[in-house]
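Q: Could you work out the structure for the sequence below:
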Amino acid sequence: MKLVLHNYWRSSASHRVRIVLALKGLAYDYAPVNITPKGGEQHRSDAYRAKNPMMQVPTLEIIEDDGTVRWLAQSLPILEFLEERFPDTPILPKDPYQRAKARMLAEIVNSGIQPLQNLSTADRVKELGGDETAWRVHFVGDGLVAFARALGDSIDKFCVGTFPTVADCCLIPQLTAARRFHVPLGPGHAQLLAIEERCLALPAFTAAAPENQPDAAKA
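A: Predicted coordinates:
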């Protein structure tokens, strides 16, 4: 099997998938997709839309040994596929409740925070006369506080237990984005910052960081 990740270096959703690929030690081809107006909005091309009808990143191209080519869009289903196909170095706990808790925390980021910071959302807020910076600061800041409160007794070294799960793989890109959008990170985020420090000590998280991607130098 060959994997090709069509993604953008700064995309939080792309960042999640890169972390999991690195944690699992999976080789893949990096296919940059520049989603910015300056970069030509490559995600809007007919060729890319054929792979991902929502014209978003990331998209995982899966080339089977028999030549069959398949596509998966949306980061969390991609992570679920990688977990099921490559179960070594799991990103979900064995305990059913803990598995659900990890997925719940991931969804707080995936559906509750990240869509509200997206370029398309911010651009529309601006078109309607709103302040896209204040919009992002409000929703990202409040969402991260909610994430911290939701940790509860699941927190150990990482969000849910003693190894990085899908929750950590969503949290770290969200904290990276929060800094880019100048979201104040204060006492309410202390637990998250401690988890981040432990995650960033792992080579997989460093390798997946936006600034370490090949298209970052061209931005």
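
Q: going forward, measure contacts between C-alpha atoms and count neighbours the same way
A: Noted.

Q: Strands of the chain, residue ranges please.
A: Counting by DSSP state E, one finds strands in the chain at the ranges 2-7, 29-32, 59-63, 69-73.

Q: For the first one, list every residue counted as buried.
A: Buried residues in strand 2-7, counted by 16 or more other C-alpha atoms under 10 Å: 3-7.

Q: What angle do strand 69-73 and it make with each other?
A: Angle, strand 2-7 to strand 69-73, by axes from the mean of the first three to the mean of the last three C-alpha atoms, to 10 degrees: 40 degrees.

Q: and strand 2-7, which strands flank it?
A: strand 29-32 (parallel), strand 59-63 (antiparallel) (DSSP bridges).

Q: Only C-alpha atoms, please: export it in CSV.
A: Provided in CSV are the C-alpha atoms of strand 2-7 (Å, rounded to 0.1, in the frame of the first residue of the first chain):
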residue,chain,number,x,y,z
LYS,A,2,1.1,3.5,-0.8
LEU,A,3,-0.3,6.6,1.0
VAL,A,4,-0.4,10.1,-0.4
LEU,A,5,-1.4,13.0,1.9
HIS,A,6,-2.8,16.0,0.0
ASN,A,7,-2.6,18.7,2.6
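
Q: got a list of contacts for that strand?
A: 14, 27-34, 57-65 (C-alpha atoms under 8 Å, 6 or more residues apart in numbering).

Q: rewinding a little: make CSV out of the strands of the chain and add mean pLDDT.
A: Formatted as CSV, those follow (pLDDT from 0 to 100):
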stretch, mean pLDDT
strand 2-7, 98
strand 29-32, 98
strand 59-63, 98
strand 69-73, 97
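
Q: To residue 95, which of those strands lies closest?
A: strand 69-73 (27.0 Å; C-alpha to C-alpha).

Q: Using neighbour counts, pick out the buried residues of that closest one.
A: When burial is assessed from 16+ other C-alpha under 10 Å, strand 69-73 yields the following buried residues: 72-73.
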